[in-house]
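Student: Would you be able to build a 3D model of this:
(chains A and B)
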Protein chains: 2
Amino acid sequence: MKIIFQKDELTEALQATQRGISNKNTIPHLNGFFIQTHSDNTLSIITYDLEMGINYYLSTEILEQGSVVVPTKFFDIIKKLPEDQITFSVDQENYLITIESGQVYYEIKGLDPEEYPKLPEIEEGKSFSIPEILLKKMIHQTSFAVSKEETKPAFTGVLCKFDSDNKLDMVATDSYRLAWRKGKISNDSQISGEYIIPQKAIGQVQRIISEEDKLINLYLANGYFLCETEKVRLFSKLIDEEFPNLDQVIPKNYQTKVMIDRKFLQDSMERASLLASEGANNIVKLNISEENMEITSNSPHTGKLKEDLQLYKEGDNISIALNARFIIEVLKVIEEDQVELEFTGSYSPMIIRPRENDQYFHLILPVRAF
Amino acid sequence: MKIIFQKDELTEALQATQRGISNKNTIPHLNGFFIQTHSDNTLSIITYDLEMGINYYLSTEILEQGSVVVPTKFFDIIKKLPEDQITFSVDQENYLITIESGQVYYEIKGLDPEEYPKLPEIEEGKSFSIPEILLKKMIHQTSFAVSKEETKPAFTGVLCKFDSDNKLDMVATDSYRLAWRKGKISNDSQISGEYIIPQKAIGQVQRIISEEDKLINLYLANGYFLCETEKVRLFSKLIDEEFPNLDQVIPKNYQTKVMIDRKFLQDSMERASLLASEGANNIVKLNISEENMEITSNSPHTGKLKEDLQLYKEGDNISIALNARFIIEVLKVIEEDQVELEFTGSYSPMIIRPRENDQYFHLILPVRAF
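Tutor: Numbering: from 1, shown residues only, chains lettered A, B, ... in the order given. The predicted model follows:
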């Protein structure tokens, strides 16, 4: 095996694939990059963790066909090479790799590519398409709310709900809060039903897609999901669990509705959480009456905060205790300058949504602190 | 106690003093900022760890005199306040602090200033002056070589050697390498002899002085060293130890001398240390013959590196094994484009110095690896 790489192209490929290497792997081959040439002067650089795989296609000058597994240290070495042109050769007998660049000569130990775990055969199955920029936003506004705990596997991914009307909803929850983003797709294969994409894979999708308006195709088939850009093919197992029906959790109307400047509210929550974070659950109390919201937080060790924010209110006065960190996190993914908060009582979920945008809402359960 | 602060001025003061708070303090008062007003609309913000103290002078509007110890969380709060003007008041009965800024009202618990440990009385004693930029460079080129181990206390600080000729030498060593920087001072009080300034304090001096040519005064007296800028008074205990005489360690002549591009050598050492760092002592081998230096390093697990660097050589061929990290660290503090390496044998110290600058040299002991 002998290849001529350009340093910047190879660096980009390794950058894109290295996130596919899990640090929990017990199979040594999975802790490396699987490099395999194809007959048309292209090659694949592959990483895989038995759940998710990333295949990066690179066009380059191939002098001798072959394949090898290179250790992750390979990437550190490539970054430090002095010249743009890199000659990479592998002795296919013992998988000894030599890397030459200018006056620099490295010899590193590779692994037998035959022992690399087989990648799953994924049928292309049903597909839909969506503008990359919209998909990126939908992921950005939901995936942060995914549960970090493995005890409820369905909540460790983002739910994709398809309906016949060319609609896709993305939903994520950790059972204390819930993010819901609606979107329009071109549903060519009439996909319906619900699919849960693991948090790690959905995060990778967000990384490999652009902020452009162009369409990307996504495929769903035999327990896998697949997404392809010009250079990268990314696939992942779906989470094989039932996502609970959350419709009854979501209040259908409200007793109190306030309109408030997003940035003011975020700054204020950050101030409150300086003290709140010392207690349990980051508790901040909101006391809404007339055109004022009094925000208080309290730390038995350090002291307390009180501040007033002006707002526009409809409906009843209300007091409620919430986790300040949850409020900060959702305000960070909303782009609009104004947000609306809806309350149905001190012990019922609060809803935050961007003003004049019905494509997104976020629900936060109150903390029983009164 | 009641003070009107400007947010940016107070932030700057807390920034400068917070490094004086040690996280190893057992006295709770030392984990805070000691704030004390003076009669002339100035106040001091002080931090102290029983070894080193920082006193920052701030001019501001003082409505009521007083003093208090505020917890470090105070700084986090100040950074998040919405308005430039901050009203700070203390109830001198119970040291409850209120902070007001716009619609924001914080109440935090302060501590009794009477229980703050007494700062040492430092005589101004003997003093010398030096351009700030020169002092900054001298510290930069020596302090990284100070020992991190407490077993040889003399080596945990930077040695300042004065001689009658208006010369100051700064020396630091961890017993594997040694950095030596010469400098010219204005030695008004004819200071002579040797003083060891702790690493932490010398690092603070480096931070508070500017990169300008203006002179700064430093004082040495009764076991303390003291340095004052317009806003900050910094003092520290000296290390009360004998610094060993290192003159006999330093080779007086050489058998081999090479001249080499600093950047090329640094890049090459960084490549070598990718493999060397896995072994003991970051070992890299230099093999110098004629106009070439062959650099090799080896990791039993990963592989090996070989590269050639062109250089200009005087004297014998030589092979030597060295710690690559030590070479990288000294090359980072040398500004000149070319460096000279001097060798007196495979088991004798190597000297690195900037070309055509006799004010600095650095010595590295070889590793016995052959």
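Student: buried ones in the lengthiest helix in chain A?
Tutor: For chain A, the helix with the greatest residue count under DSSP state H is helix A:262-276. Under the neighbour-count criterion of 16 or more other CB atoms under 10 Å in any protein chain shown, helix A:262-276 has A:262, A:264-276 buried. The way it works is simple: take the backbone N, C-alpha and C, and place the C-beta from them, glycine included.
Student: Mean confidence (pLDDT) on that helix, please.
Tutor: Average pLDDT, helix A:262-276: 93.
Student: residues near the residue of the stretch 101-250 of chain A found nearest chain B, how many?
Tutor: Chain B sits closest to A:Ile108 of the stretch 101-250 of chain A, with a gap of 3.3 Å, by CB to the nearest CB. As a burial measure, A:Ile108 scores 22 neighbours (other CB atoms under 10 Å in any protein chain shown).
Student: what distance separates the start and the end of stretch A:226-238?
Tutor: One end of stretch A:226-238 to the other measures 10 Å (CA to CA, to the nearest Å).
Student: Likewise for stretch A:25-32?
Tutor: Start-to-end span of stretch A:25-32 (CA to CA) is 10 Å.
Student: helices or strands next to the host helix or strand of A:Thr142 in the packing?
Tutor: In the assignment (DSSP states H and E), A:Thr142 maps to helix A:132-142. If contacts are counted by 3 or more CB pairs under 8 Å, 6 or more residues apart in numbering or on different chains; DSSP states H and E, helix A:132-142 sits against strand A:167-173, strand A:177-184, helix A:199-208, strand A:215-221.
Student: again, 6 Å this time
Tutor: strand A:167-173, strand A:177-184, helix A:199-208 (3 or more CB pairs under 6 Å, 6 or more residues apart in numbering or on different chains; DSSP states H and E).
Student: relative to strand A:215-221, how tilted is it?
Tutor: 60 degrees (axes from the mean of the first three to the mean of the last three CA atoms, to 10 degrees).
Student: Helix A:132-142: which residues count as buried?
Tutor: By neighbour count on 16+ other CB under 10 Å, the buried set for helix A:132-142 is A:Glu132, A:Leu134, A:Leu135, A:Lys136, A:Lys137, A:Met138, A:Ile139, A:Gln141, A:Thr142.
Student: Spatially nearest residue to the most centrally placed residue in chain A (excluding sequence neighbours)?
Tutor: Ranked by distance to the mean C-alpha position of chain A (CA atoms, centre = their mean), the top residue is A:Gly203 at 2.5 Å. Leaving aside its chain neighbours, A:Gly203 sits nearest to A:Ser143 (6.3 Å; criterion: CB to CB, 6 or more residues apart in numbering or on different chains).
Student: okay, that neighbour: pLDDT?
Tutor: pLDDT, A:Ser143: 98.
Student: just wondering, since we're on it, how far is it from B:Glu194?
Tutor: Distance of A:Ser143 to B:Glu194, computed by CB to CB, to the nearest Å: 61 Å.
Student: Could you check which of those two has the larger neighbour count?
Tutor: Taking other CB under 10 Å, A:Ser143 and B:Glu194 do not tie; A:Ser143 has more neighbours (22 against 14).
Student: Now do the more buried one against A:Asp163, distance only.
Tutor: According to CB to CB, A:Ser143 and A:Asp163 sit 21 Å apart.
Student: and for stretch A:345-353, what are the contacting residues?
Tutor: Stretch A:345-353 has contacts (CB atoms under 6 Å, 6 or more residues apart in numbering or on different chains) with A:319-320, A:330, A:339-343, A:361-366.
Student: ok, the residue nearest to A:Gly203 touching A:Ile202?
Tutor: Yes - using CB atoms under 6 Å, A:Ser143 is in contact with A:Ile202, at 5.4 Å.
Student: Show me what from chain A comes close to chain B.
Tutor: By CB under 6 Å from any CB of the partner chain, the residues of chain A that approach chain B are A:73, A:76-77, A:80, A:103-109, A:270-271, A:274, A:302-308.
Student: can you count the residues close to the nearest residue to A:Phe361 once chain neighbours are set aside?
Tutor: Excluding the flanking residues, the one nearest A:Phe361 by CB to CB, 6+ apart is A:Arg353, at 4.2 Å. Using other CB under 10 Å, A:Arg353 has 20 other residues around it.
Student: What's opposite A:Arg353 in the beta bridge?
Tutor: A:Glu340 (DSSP bridges).
Student: give the contact list for the residue in the stretch 251-370 of chain A that chain B sits nearest to.
Tutor: Minimum separation of the stretch 251-370 of chain A from chain B (CB to the nearest CB) falls at A:Gly303, amounting to 3.3 Å. Contact partners of A:Gly303, counting by CB under 6 Å, 6+ apart, are B:Glu107, B:Ile108, B:Lys109.
Student: A:Phe128 now?
Tutor: The neighbours of A:Phe128, taking CB under 6 Å, 6+ apart as the test, are A:Ile185, A:Asn187, A:Ile191, A:Leu218.
Student: mind redoing it with 8 Å?
Tutor: Applying CB atoms under 8 Å, 6 or more residues apart in numbering or on different chains to A:Phe128 gives the contacts A:Phe162, A:Leu168, A:Ile185, A:Ser186, A:Asn187, A:Asp188, A:Ser189, A:Ile191, A:Asn217, A:Leu218.
Student: Could you do A:Ile239 as well?
Tutor: Per CB under 8 Å, 6+ apart, neighbours of A:Ile239: A:Pro153, A:Ala154, A:Thr156, A:Gly157, A:Ile196, A:Ile197, A:Pro198.
Student: for the stretch 51-200 of chain A, what spans make up the strands?
Tutor: Assigned by DSSP state E, counting those that start in this stretch, the stretch 51-200 of chain A shows strands spanning A:52-59, A:61-64, A:67-71, A:85-91, A:96-101, A:104-109, A:126-131, A:157-163, A:167-173, A:177-184, A:193-198.
Student: Please identify which of those is closest to A:Ile45.
Tutor: For A:Ile45, the closest of those is strand A:52-59, at 4.6 Å, according to CB to CB.
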